[in-house]
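A.B. asks: With the input below, show me the fold.
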Amino acid sequence: MSKKVIIIGSGPAGYPAALRLKELGAEPAIVESWDFGGTCLNRGCIPSKAFLDTGHRVHAFEGLRELLKAGSEVNFSPDMLDWDKIKARRAEVIAKLRTSLEKLFQAKKIEVIRGRASFSGPNEMAITGPHGEIKRQFDYAILAAGTRPAFPPPFKDFAGQLTDSDRIFDLPARPKSLLIVGAGVIGLEFACFFNSIGVQVSVLEILPDLLAGEDPQVTRVVRSSFEKRGIKFHFGKKASRITVTGGRKTVELEDGTNLEADEILVGAGRAADLAGMGLETLGLPWDRKGVKVNEFMQTTTPQIYAAGDINGISLLAHSASRQGEIAAENIMGAKHTFDADIVPKCVYSWPEVGTVGLNKSQAEAKGLTVKTSRAFYAGIGKAVACDETEGFAQLVFNAADETVLGAQLVGGPATELIHVIALAVKLKLKRADLKSIIYAHPTMAEAIHEALYK
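C.D. replies: Numbers count the residues shown, from 1 in each chain. All right, here's what the predicted structure looks like:
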């Protein structure tokens with residue numbers, strides 16, 4: 001008799017879990033109260049990349065001006081962009097991908113139940129949807145409900161008048177100015193996009209630098225690039241008061257400085273919202289970080305697993321997908337674990353950022369003696385030919401045996417190249433192993449090759 005598994009949430013943790021369970025012979029069903037595909041597809045990764053692609057095209061076009069014939073005039077400016085068309089393109093991309101995903105589930109004959117789920121017993125779930133309430137029995141369940149944007153004080157009291165990473169895509173008009181709260185990945189990607197389409201952008205961050213925890217060599221390049229394009233940063237500053245008057249929004253900082261903007265985007269983090277899901281019925285505690293799991297993605301209630309943002313381990317879509325697969329495999333008898341050390345961390349701004357494994361300070365904090373090797377794109381033929389000389393490739397090795405511990409790539413296609421090093425970290429390759437690879441010429445990957453000889 002096959003195992004019946006109900007998955008709450010159809011995002012990047014939920015739908016890979018369902019597909020893997022079906023492949024392994026289980027009877028999976030997904031409960032979804034919103035659009036299929038979850039935050040990543042509908043409000044996060046995919047729509048933000050559609051926006052960023054528009055911005056990158058503008059950025060690339062501006063780079064052609066110096067190649068025009070003398071006396072030529074180019075009247076294009078970001079003000080000519082149609083905000084409604086930008087949003088429509090984003091919506092078209094989402095609809096195409098969501099339709100494809102829904103058809104895949106139909107072809108696989110995986111049941112999708114529309115509604116909100118709540119546990120009514122150890123192995124029973126009540127689902128309230130368009131057709132009333134139904135009860136479903138299960139052998140196992142996977143929580144994959146994700147998280148929602150969080151509003152820290154004092155922004156929390158004005159949540160309805162401000163915007164967040166979910167609602168920013170639906171602004172009725174392009175703002176003339178935008179204040180972004182938070183200089184993490186979300187904040188930087190939106191700062192990059194809105195700056196490229198002519199919006200005056202400033203970023204408020206309570207910490208002393210952007211991209212908390214990243215190597216200072218990385219943050220220095222990104223910050224310098226953003227500032228050259230007119231993006232203003234306010235680091236180490238805390239908001240004390242918010243006022244909204246006549247369509248203008250003002251943030252008063254603790255030092256008395258006032259920051260004004262047409263719109264304020266709060267991108268300071270996300271939080272779990274599991275209220276109403278009946279976890280108390282299972283004796284399963286949770287907080288804003290979600291529910292705790294062991295190395296097998298299993299909660300303290302043995303028949304309940306949790307994957308993705310909801311367990312707070314790694315708030316990334318690709319981490320969620322792997323965790324969903326691991327939960328599925330373990331339900332079917334495996335004992336697989338999640339390796340956070342090989343999770344690539346990516347920022348899709350320009351310059352791009354891709355990191356994996358340990359940076360120098362993280363490795364030293366573990367008591368390791370390390371070597372770092374760095375090569376700048378300014379010395380790479382393909383980068384010079386394409387006028388993409390911003391950034392570098394930095395590799396981190398264990399000084400004892402030159403095992404690859406991690407890498408930090410800034411510039412070029414960093415989010416694509418980082419997988420080379422992720423594999424090296426996974427397989428515990430050494431410097432000599434990476435040297436033995438033949439790197440095509442001319443490519444941006446040659447920055448990795450050059451770093452190996454530094």
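A.B. asks: got the domain boundaries for the protein?
C.D. replies: 4-147+272-338, 155-268, 342-452 (automatic domain parsing).
A.B. asks: Lys69 looks like it's in a helix, true?
C.D. replies: No. Lys69: not assigned to a helix; according to DSSP: H, G, I helix; E, B strand; the rest coil it is coil.
A.B. asks: can you count the residues close to it?
C.D. replies: Lys69 has 5 neighbours, counted by other C-beta atoms under 10 Å. C-beta: built from backbone N, CA, C; applies to glycine.
A.B. asks: Repeat that for the one 10 residues further on.
C.D. replies: Summarising burial for Asp79: neighbours were counted as other C-beta under 10 Å, giving 8.
A.B. asks: State the pLDDT value of it.
C.D. replies: Per-residue pLDDT puts Asp79 at 88.
A.B. asks: Repeat that for His59.
C.D. replies: For His59, the predicted pLDDT is 89.
A.B. asks: Contact partners for Leu279?
C.D. replies: Leu279 sits next to 119, 285-286, 291 when contact means C-beta atoms under 8 Å, 6 or more residues apart in numbering.
A.B. asks: so who does Lys22 touch?
C.D. replies: Counting by C-beta under 8 Å, 6+ apart, Lys22 touches 28, 108-110.
A.B. asks: Let me know whether Val185 touches Ala212 as I believe.
C.D. replies: No. Between Val185 and Ala212 there is no contact under C-beta atoms under 8 Å: 10.2 Å.
A.B. asks: When the two are compared, which one has more neighbours?
C.D. replies: Counted by other C-beta under 10 Å, Val185 and Ala212 do not tie: Val185 has more neighbours, with 20 against 13.
A.B. asks: how much space between that one and Ala191?
C.D. replies: Distance of Val185 to Ala191, given as C-beta to C-beta, to the nearest Å: 11 Å.
A.B. asks: What of Ile313?
C.D. replies: With distances taken as C-beta to C-beta, Ile313 is found 27 Å from Ala191.
A.B. asks: For the residue positioned nearest the centre of the chain, which residues are in contact?
C.D. replies: Nearest to the mean C-alpha position of the chain, by C-alpha atoms, centre = their mean, lies Leu316 at 5.0 Å. Shown in contact with Leu316 (C-beta under 8 Å, 6+ apart): 343, 345.
A.B. asks: make it 7 Å
C.D. replies: By C-beta atoms under 7 Å, 6 or more residues apart in numbering, the contact set of Leu316 is Val343.
A.B. asks: tell me the helices in the stretch 251-400 of the chain, going along the chain?
C.D. replies: Remark: helices assigned in the stretch 251-400 of the chain by DSSP state H, counting those that start in this stretch are 317-331, 360-365, 381-385.
A.B. asks: Just name the most buried of these.
C.D. replies: Sort the helices of the stretch 251-400 of the chain by mean neighbour count, taking mean count of other C-beta atoms under 10 Å, and helix 317-331 sits at the top with a mean of 24.
A.B. asks: Ile313 and Ala191: which is more packed in?
C.D. replies: For Ile313 versus Ala191, the count of surrounding residues by other C-beta under 10 Å is larger for Ala191: 27 against 22.
A.B. asks: That one reaches Val203, doesn't it?
C.D. replies: Yes. With contact defined as C-beta atoms under 7 Å, Ala191 counts as touching Val203 (5.5 Å).
A.B. asks: Need the overlap of contacts for the two.
C.D. replies: 180, 231.
A.B. asks: how about the helices of the stretch 251-400 of the chain, which one is nearest Gln303?
C.D. replies: Evaluated with C-beta to C-beta, the helices of the stretch 251-400 of the chain place helix 317-331 nearest to Gln303, the distance being 8.9 Å.
A.B. asks: Check the offset of the closest one from the chain's centre.
C.D. replies: When distances are taken as C-alpha atoms, centre = their mean, to the nearest Å, helix 317-331 is centred 17 Å away from the chain's centroid.
A.B. asks: can you map out the strands along the stretch 201-350 of the chain?
C.D. replies: 232-235, 239-245, 248-253, 258-261, 263-266, 270-271, 304-306, 345-347 (DSSP state E, counting those that start in this stretch).
A.B. asks: Let me see the mean pLDDT of the last one.
C.D. replies: For strand 345-347, mean pLDDT is 98.
A.B. asks: what lines up beside it in the sheet?
C.D. replies: Strand partners for strand 345-347, identified by DSSP bridges, are recorded as strand 353-357 (antiparallel).
A.B. asks: Neighbours of Ile127, how many?
C.D. replies: 22.
A.B. asks: Over to Met1?
C.D. replies: Met1, neighbours per other C-beta under 10 Å, totals 5.
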